[in-house]
Each structure stands twice: as structure tokens, then as C-alpha cells.
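>>> my questions concern the predicted model and sequence given below.
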Amino acid sequence: MSTLSSSPLGRRGVLAGGAAAVGLLATDALEQEVVAATLQGRLPRKVDVVVVGAGIAGLVAARQVARSGKSVLVVEARKRVGGRVLNHELRTGGTIEAGGAFVGPTQDHIKRLARQLGVATFDEYVTGKNVYISSLLGRQEFTGTVPPDPTILLDAALALKRLNAFAAQVPVDAPWAHPRAAEWDRTTLGDWLRRNTLNSRGVEHLIRAWTQPGFGSDPDELSLLFVLHYIACSGNEATIGTFERNSDTVDGAQESRFVGGSQRVPLLLAKKLGKRVALGAAVTRIEHVGHGVRVHTRRGRVQARRVIVAAPPKQVLGIDFAPGLPAGRRALLQHLQMGKLMKCDAVYDKPFWRDAGLTGFGIADSGAVRAAFDNGVKDTGHGILLAFVGGSTWRQYGTRSVAERRTAVLEGFARMFGDQALHPLEYTEHDWTKERWTGGGPTAIYAPGVMTAHGRHIRTPFRRIHWAGTETSTYWNGYMDGAVRSGERAAIEVLDKL
Ligand SMILES: Cc1cc2nc3c(=O)[nH]c(=O)nc-3n(C[C@H](O)[C@H](O)[C@H](O)COP(=O)(O)OP(=O)(O)OC[C@H]3O[C@@H](n4cnc5c(N)ncnc54)[C@H](O)[C@@H]3O)c2cc1C
């Protein structure tokens with residue numbers, strides 16, 4: 001949970017804060033409107049399509065089904081929409097994101113959707129130099145993607161070149177079909193780096209600053225084939241995926257954010273869907289009956305001709321299917337794990353690092369802050385630093401008390417940007433491993449062997465049940481863009497059958 005949500009000055013206490021200042025309806029007010037617009041009473045007895053999950057994927061699928069004139073009901077476990085996309089109103093004003101936030105080039109589907117909904121983007125602050133903290137060399141400032149650490153520079157450049165070259169051959173819709181799939185899936189990214197670099201320790205440290213925020217995991221937990229697929233997915237039908245487009249800010253997936261926070265996208269989608277969304281309606285059982293499907297939820301039952309399940313893979317295992325899911329799909333869901341990730345933000349009176357010629361982006365090979373970003377928002381003059389605490393860093397710090405973690409995170413910021421970082425106006429954090437209906441983040445990960453053994457079941461419909469969710473996407477799998485794409489694809493599948 002966000003530390004602020006339990007404070008007296010939490011989300012509800014700041015309606016008159018920063019967001020209102022830019023003429024946007026603050027998230028809390030918009031959320032109240034959306035909740036009020038959703039279905040309050042009994043669920044309908046019958047609809048054409050039931051969508052399970054009101055994350056971006058489920059809401060996009062429902063919008064498309066509704067637009068075709070078919071009846072649709074989204075049943076959502078939580079009492080809010082957005083899933084892994086969640087705005088947080090700061091006590092000191094302004095809206096930040098506790099979950100998915102950044103968008104970048106080739107993420108055309110989420111950008112188009114946001115434009116249609118009137119949600120603008122703004123660029124991440126990139127003026128100045130980045131900071132690199134090495135246990136060996138101390139603190140360095142740099143520009144570009146790879147820090148100027150002579151002990152790893154060449155190694156890292158060659159390794160990234162090879163990863164890009166391999167990824168360029170991986171079919172985004174069937175990575176398991178590549179001739180070298182078995183070989184790449186037998187090994188982890190960590191093993192591969194150790195075998196293919198001279199200073200493997202140094203390169204691994206660097207790559208961890210990418211895998212911990214990007215997968216909530218360490219290189220040793222990730223199948224090489226899965227990582228190559230992730231890189232291949234970091235593009236679109238016209239633009240080949242690359243490591244840089246995934247990892248970078250300029251021309252990369254961290255290029256921009258949404259004005260008013262990314263949760264405005266699912267909130268505005270849900271507002272338009274209105275009574276076609278039922279909150280607090282966790283799905284417990286899905287059974288095929290006659291020519292339809294009966295969906296059992298905590299708010300009652302509803303019958304449909306087709307169902308789209310847009311819940312995260314692990315959550316699907318909590319639903320009782322009758323007849324049971326095919327063995328292949330069940331095995332896939334059992335083997336996928338969610339990453340471990342939390343976001344920690346510190347708010348300062350001013351973005352003091354900018355005055356020092358720094359972007360606010362930093363990476364480090366030790367401590368609680370392995371990757372830091374300038375998380376400033378449009379509507380306040382405050383400076384905001386964001387730390388991703390993921391993978392083994394989450395295992396080290398995620399289990400400590402909030403006070404201990406706060407100290408460790410602020411010290412991490414201070415090493416990068418100076419001692420002013422030790423004195424924030426506000427500190428807030430959100431741990432996705434504690435979210436009942438998500439179970440971690442940012443996405444589900446494949447350990448060695450899983451993709452070749454079970455990956456091919458990821459999108460295969462089961463009778464009248466179809467699958468959406470970012471993990472099923474062929475581009476920007478794991479991202480908001482992948483969620484939009486998956487919802488669109490699942491809706492097309494279903495409409496084709498109705
Ligand atoms: C910390 C963090 C940072 C991230 N950063 C970025 C980023 O910068 N850029 C980016 O593009 N992406 C980012 N992501 C990933 C992005 O948020 C997700 O890819 C995307 O939001 C997934 O959308 P979805 O609809 O597929 O799934 P979800 O958002 O997980 O939605 C699934 C929905 O299903 C519901 N549900 C689950 N079980 C049931 C059930 N039994 N019955 C009914 N409903 C159920 C859930 O409550 C949820 O609302 C980040 C994620 C996290 C956690």
C-alpha cells in the first residue's frame with residue numbers, strides 16, 4: 001500500500017491540491033465520478049460478452065465490443081479501475097503514478113488511446129548529465145546509455161549489440177519457434193552475460209539497473225529467450241525492437257508521461273463505459289453451460305456468449321474453471337511469476353539536481369536506489385525523485401520497515417544528487433507485491449524452460465474464453481501499450497465469433 005493512503009492527509013485529503021491547479025479533475029474526484037457511474041445494483045442476467053478485469057486491457061476490449069453494438073459487462077475485483085495503473089495524489093500537491101507511467105516511441109496504441117480520451121503527454125526532463133555510482137570507481141556523471149566505466153564499457157557495448165542482433169531474429173508472436181529457442185531458453189540472462197563478457201560482475205551490475213525496474217527481477221531469474229523476446233517486442237510492426245528503445249529515456253520507453261497521471265486513461269475509459277462496469281465483483285468461477293458461459297462473481301452470476309479474461313496470469317489460477325483449463329495453459333500460468341517491484345518517491349521544494357546540471361536519472365551498483373528518475377509533474381514547482389526497488393534489491397529492502405527503507409532510499413538519492421536529497425518535504429512508496437489482485441510487477445516473468453515448454457498457450461482461446469492482458473501482447477508485452485493491443489486483439493477475436 002502507498003504509505004500515504006493510510007495517513008490523515010492521504011488521497012482524499014488533497015482534492016484542492018495541485019491537480020486542480022492545472023484545471024484537471026483531481027484523480028480522487030474523477031475516481032468518485034467513475035465509481036458512481038458504474039453499475040450499482042444487481043448484475044444483468046445475460047450479456048454477449050463478459051470481460052474479467054478493468055485494467056487497461058479489459059476496458060479497451062469492452063469499449064471495442066460495446067462500439068460494435070454488442071452488450072458487454074466488465075467485472076472487476078477491486079473497487080477501482082486501472083489495475084497496475086494507479087495515480088497517487090501527493091500530500092504536497094500534484095499527481096504521480098504508483099504503477100505504470102512512462103510511454104515512448106512505437107507505443108502507438110496507448111498514445112492513440114490517450115489522445116482520443118484527451119489525456120496529453122509531457123516529456124521526461126533530460127537536460128544535463130546522468131549519474132553512475134560504481135562501488136569500484138565512485139561517482140561519475142555521463143551522457144548517453146552506457147556509463148563511461150572503462151572496466152565495463154566495451155564489454156557492455158558488445159553484449160548489447162549481440163542481444164539486439166539475437167532479438168532481431170526472434171518472432172514476436174512465437175519466440176519458442178526460433179531455431180535457437182531451446183538453447184536460449186535453457187540459460188538465464190545472467191549466465192549468458194557471465195559466459196560472454198570479461199568483466200561479467202560489472203556488466204551484470206549495470207544490467208541489473210535495467211532488469212530490476214523493467215522486470216522486477218535480476219538477470220539470474222530471467223530466461224535469455226524471454227529477455228530477447230522482450231527486446232524484440234520493444235518496437236512495432238514497422239520498427240524493429242531494440243534494447244535502447246526499451247531502456248532509454250530519449251527515444252525510449254521512458255520518454256514521456258501523462259499529464260494528470262496515467263490512471264486518467266482507464267478512469268476515462270470506465271467513465272464512458274458507465275454501467276457496463278461492475279466493481280467489487282471478483283470472479284470466482286467460469287463454467288461453460290450449453291451455448292454459453294456462466295461467470296460467477298462476488299456480486300452474483302452473469303451469463304455470456306463469450307468471455308475475455310484480462311486479469312494478470314497468476315490471478316487467473318484463482319478462478320475455478322469448469323471444465324478445467326487445458327493442462328498446457330494451466331502449466332504456463334503455474335510457471336509464470338510476477339516480478340517484485342516497488343516505487344519510492346521523495347518530494348523536494350525544488351528540483352535542486354537540475355540546477356546542478358543533472359537530469360535526475362541515476363544508476364548505482366549497490367544500495368536501495370539502483371535506478372532513479374526525475375519524476376517531476378507539471379502542476380507544482382516541486383522536485384520529485386523516483387526510485388525503482390525491484391528484484392534482489394526489493395528482497396533486501398522491501399521487507400524492512402518503511403522508516404528504514406525511507407532512510408536507505410534517501411541515502412541512495414543523496415549519493416547521486418547530493419545531501420539535499422536527505423530532506424524531502426514528503427516521501428511515499430507503493431509495493432506491488434502486496435496488491436491482492438496483482439501480486440507483483442511490473443509484469444509476469446519467464447524463468448528458463450517455461451517459454452519453450454508452455455509459451456505457445458499464451459493466447460490460445462479455451463472454448464468460449466479468450467485471453468487479454470499485457471502479457472499476451474506481441475509488441476510492448478509487459479507495458480501499457482501491450483495492454484491496449486491485447487484488449488483490441490481479444491475484442492476482434494470475440495466479435496468474429498459472435
Ligand atoms: C510499478 C510498476 C511500474 C510500471 N511502469 C510502467 C511504465 O512506466 N510504462 C508502461 O507502459 N508500463 C508500466 N508498467 C506495466 C503496466 O502498468 C502494465 O503492463 C499494464 O497496466 C497492465 O494492464 P492489464 O490490463 O494487462 O493488467 P492489469 O492492470 O493488471 O489489470 C488486470 C485487472 O484484473 C483485475 N482482476 C484480477 N483478478 C480478478 C478476478 N478474479 N476477477 C475480476 N477481476 C480481476 C485486477 O484487479 C486488475 O484491475 C508498470 C507496472 C508497475 C506495477
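Right, received. Where do you want to start? Quantities reported herein were computed from a predicted structural model and do not represent experimental measurements.

>>> for the residue lying closest to R463 once chain neighbours are set aside, phi and psi?
Leaving aside its sequence neighbours, R463 sits nearest to H288 (CB to CB, 6 or more residues apart in numbering; 5.6 Å). Just so you know, the C-beta spots here come from the backbone N, C-alpha and C atoms, and that holds for glycine as well. Backbone geometry at H288, expressed as degrees, to the nearest 10, gives phi -80, psi 130.

>>> beta partners for H288?
For H288, the beta-bridge partners are V293 (DSSP bridges).

>>> with N130 instead?
Per DSSP bridges, the residues bridged to N130 are F142.

>>> ok, it - how many residues close by?
21 (other CB atoms under 10 Å).

>>> just to revisit the earlier point, now do the residue nearest to R463, the pLDDT please.
H288 is assigned a predicted lDDT (pLDDT) of 98.

>>> ditto for A29
Listed pLDDT for A29 reads 92.

>>> repeat that for R306.
Per-residue pLDDT puts R306 at 98.

>>> repeat that for P8.
Per-residue pLDDT puts P8 at 28.

>>> distance between the helix or strand containing R208 and the chain's centre?
If you go by DSSP states H and E, R208 is part of helix 200-215. Taking CA atoms, centre = their mean, to the nearest Å, one finds the center of helix 200-215 at 18 Å from the center of the full chain.

>>> I'd like the next helix or strand past that helix.
Using DSSP H and E, the helix or strand that follows helix 200-215 towards the C-terminus is helix 224-232.

>>> right, is the next helix-or-strand element following that following helix up against the ligand?
Note on helix 224-232: by DSSP H and E, the next helix or strand toward the C-terminus is helix 243-247. No: using CB under 6 Å from any ligand atom, helix 243-247 stays clear of the ligand, coming no nearer than 10.7 Å.

>>> and A346, helix, strand or coil?
Under DSSP: H, G, I helix; E, B strand; the rest coil, A346 falls in the strand class.

>>> which residue of the protein sits farthest from its center?
Of all residues in the chain, G290 has its C-alpha farthest from the mean position, at 37.6 Å, by CA atoms, centre = their mean.

>>> ok so, going back, residues near the residue nearest to R463, how many?
Neighbour number of H288 under other CB under 10 Å is 16.

>>> that one touches A322, doesn't it?
Yes: using CB atoms under 8 Å, H288 is in contact with A322, at 6.9 Å.

>>> all helices of the stretch 251-400 of the chain, in order?
Here the stretch 251-400 of the chain has its helices, by DSSP state H, counting those that start in this stretch, at 264-273, 313-316, 327-335, 352-355, 391-397.

>>> elements contacting the first one?
Taking 3 or more CB pairs under 8 Å, 6 or more residues apart in numbering; DSSP states H and E as the contact definition, the neighbouring helices and strands of helix 264-273 are helix 27-37, helix 56-67, strand 72-75, helix 108-117.

>>> got the angle for that helix vs helix 108-117?
Angle between the axes of helix 264-273 and helix 108-117 is 60 degrees (criterion: axes from the mean of the first three to the mean of the last three CA atoms, to 10 degrees).

>>> what does helix 264-273 contact?
Contacts with helix 264-273, where a contact means CB atoms under 8 Å, 6 or more residues apart in numbering, come from 24, 27, 30-31, 33-34, 37-38, 54-56, 59-60, 62-63, 66, 72, 74, 81-83, 85, 87, 110, 113-114, 117-119, 258, 277, 480.

>>> if we go to 7 Å?
With CB atoms under 7 Å, 6 or more residues apart in numbering as the test, helix 264-273 has contacts from 30-31, 33-34, 37-38, 54-56, 59-60, 62-63, 66, 74, 81-82, 85, 113-114, 117, 119, 258, 277.

>>> now do it: distance to the chain's middle.
Here helix 264-273 is found 18 Å from its chain centre; the criterion is CA atoms, centre = their mean.

>>> what comes up buried for it?
Residues 264-271, 273 are the ones in helix 264-273 that count as buried (16 or more other CB atoms under 10 Å).

>>> quick one: contacts for A311?
If you count contacts by CB under 7 Å, 6+ apart, A311 has them with 52-53, 469.

>>> hang on, the earlier thing: tell me the most buried of the helices of the stretch 251-400 of the chain?
helix 264-273 (a mean of 24; mean count of other CB atoms under 10 Å).

>>> let me know the angle separating that helix from helix 27-37.
30 degrees.

>>> helix 264-273 versus helix 56-67: what angle between them?
Between the axes of helix 264-273 and helix 56-67, defined by the same axes, to 10 degrees, the angle is 30 degrees.

>>> is helix 264-273 anywhere near the ligand?
No: Helix 264-273 does not reach the ligand (CB under 6 Å from any ligand atom); its nearest approach is 7.9 Å.

>>> average pLDDT for that helix, rounded please.
Across helix 264-273, pLDDT averages out at 98.

>>> can I get it in CSV? Just the C-alpha atoms.
Taking Å, rounded to 0.1, in the frame of the first residue of the first chain, the C-alpha atoms of helix 264-273 are listed here in CSV:
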residue,chain,number,x,y,z
ARG,A,264,-6.7,9.0,-16.2
VAL,A,265,-6.7,6.7,-19.2
PRO,A,266,-8.5,3.7,-17.6
LEU,A,267,-10.7,6.1,-15.5
LEU,A,268,-11.9,8.0,-18.6
LEU,A,269,-12.5,4.7,-20.4
ALA,A,270,-14.5,3.4,-17.5
LYS,A,271,-16.5,6.6,-17.2
LYS,A,272,-17.6,6.2,-20.8
LEU,A,273,-18.5,2.5,-20.2
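
>>> can you count the residues close to the closest residue to V309 other than its chain neighbours?
Nearest non-adjacent residue to V309, counting by CB to CB, 6+ apart: V52, 4.6 Å away. For V52, the neighbour count with other CB under 10 Å is 29.

>>> ok, now K161?
Counted with other CB under 10 Å, K161 comes out at 11.

>>> repeat for the one 5 residues further on
Residues lying near F166 (other CB under 10 Å) number 19.

>>> kindly report the same for the one 10 residues further on.
Residues within reach of W176, counting by other CB under 10 Å, total 19.

>>> A helix includes it, no?
Yes: W176: assigned to a helix according to three-state DSSP.

>>> list the contacts for it?
W176 is in contact with 451-452, 455-456, counting by CB under 7 Å, 6+ apart.

>>> thought P442 was touching K340?
No: P442 lies out of contact with K340 (CB atoms under 7 Å); the separation is 10.2 Å.

>>> quick one on the thing from earlier: gap between the residue nearest to R463 and P326?
The gap separating H288 from P326 is 13 Å, by CB to CB, to the nearest Å.

>>> what of E124?
Distance from E124 to P326, by CB to CB: 43 Å.

>>> briefly note if the longest helix belonging to the chain comes near the ligand.
For the chain, the longest helix by residue count, based on DSSP state H, is helix 480-497. Yes: Helix 480-497 is in contact with the ligand by CB under 6 Å from any ligand atom, via 480-481, 483.
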